[in-house]
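# Provide a 3D model corresponding to the input given below.
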Amino acid sequence: MERASDLLEKYFRGETTLAEESELKQYFRTSAVLPEHELYRAMFVTFDEELKEKANKPDLKILPEQKKVKRMWIQTFIYTGVAASLLIALWVKYPKQPENFAVVSGAKIQDTEFAEKYADKKLNQVNDVLNRSMKPMQNIEKVRNNLHPINKLSSVKERMDEIQNKLQYK
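All right, here's what the predicted structure looks like:
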């Protein structure tokens, strides 16, 4: 029984020979297996059962038939040719639109002078809105400039306090 323990240790380290492995299998087939080895019985019995099983004949056609590379290239050239033909036909049928136009209230205007005048008018309106909204800021700046002499008064008061302190020490 000690031999079985040594063989099991060797087996799990991967150092057994085929003869030693068959000796282990024979040991687990008998009814004289030690209780501490009982948990390995199922593994060795399973190995024996797997040896008895016969493999089924494999299917000949597992993967679907694949396209040949040459056929794929021909299809690619055909598809790109059709796409290029459609693009050329659309380019000829619908020529390029003039570049200078404006859209005003959903209407397309191609008169450049009118578009420039309209754009100037809208920009002037935006400028007026900005100037009106900035007026309160200009008033704040005026208040800040008018407070400047008051700030000087506080520095004058501090200076006077310093002089008074010096006079008291003498």
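
# Give the residue spans of the protein that score low on pLDDT.
Per-residue confidence of the chain (counting by pLDDT under 70) places the weak regions at 1, 58-67, 69, 97-100, 149-152, 170.

# Can you show me the strands along this structure?
With DSSP state E, the ranges of strands along the chain come out as 102-104, 107-109.

# Residues in contact with the first one: which ones?
In this case it means strand 102-104. For strand 102-104, the surrounding residues in contact (CB atoms under 8 Å, 6 or more residues apart in numbering) are 108, 109, 115, 118, 119. To be clear about C-beta, it is placed using only N, CA and C from the backbone, and glycine gets the same treatment.

# Using a markdown table, lay out the strands of the chain together with distance to residue 17 and mean neighbour count.
Rendered in a markdown table, the data for the strands of the chain read as follows (distance: least, CB to CB, whole Å; neighbours: other CB atoms under 10 Å):
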| stretch | distance to residue 17 | mean neighbour count |
| --- | --- | --- |
| strand 102-104 | 90 | 12 |
| strand 107-109 | 92 | 10 |
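
# who wins for proximity to residue 141 among those strands?
Taking CB to CB, strand 102-104 is the member of these nearest to residue 141, at 38.3 Å.
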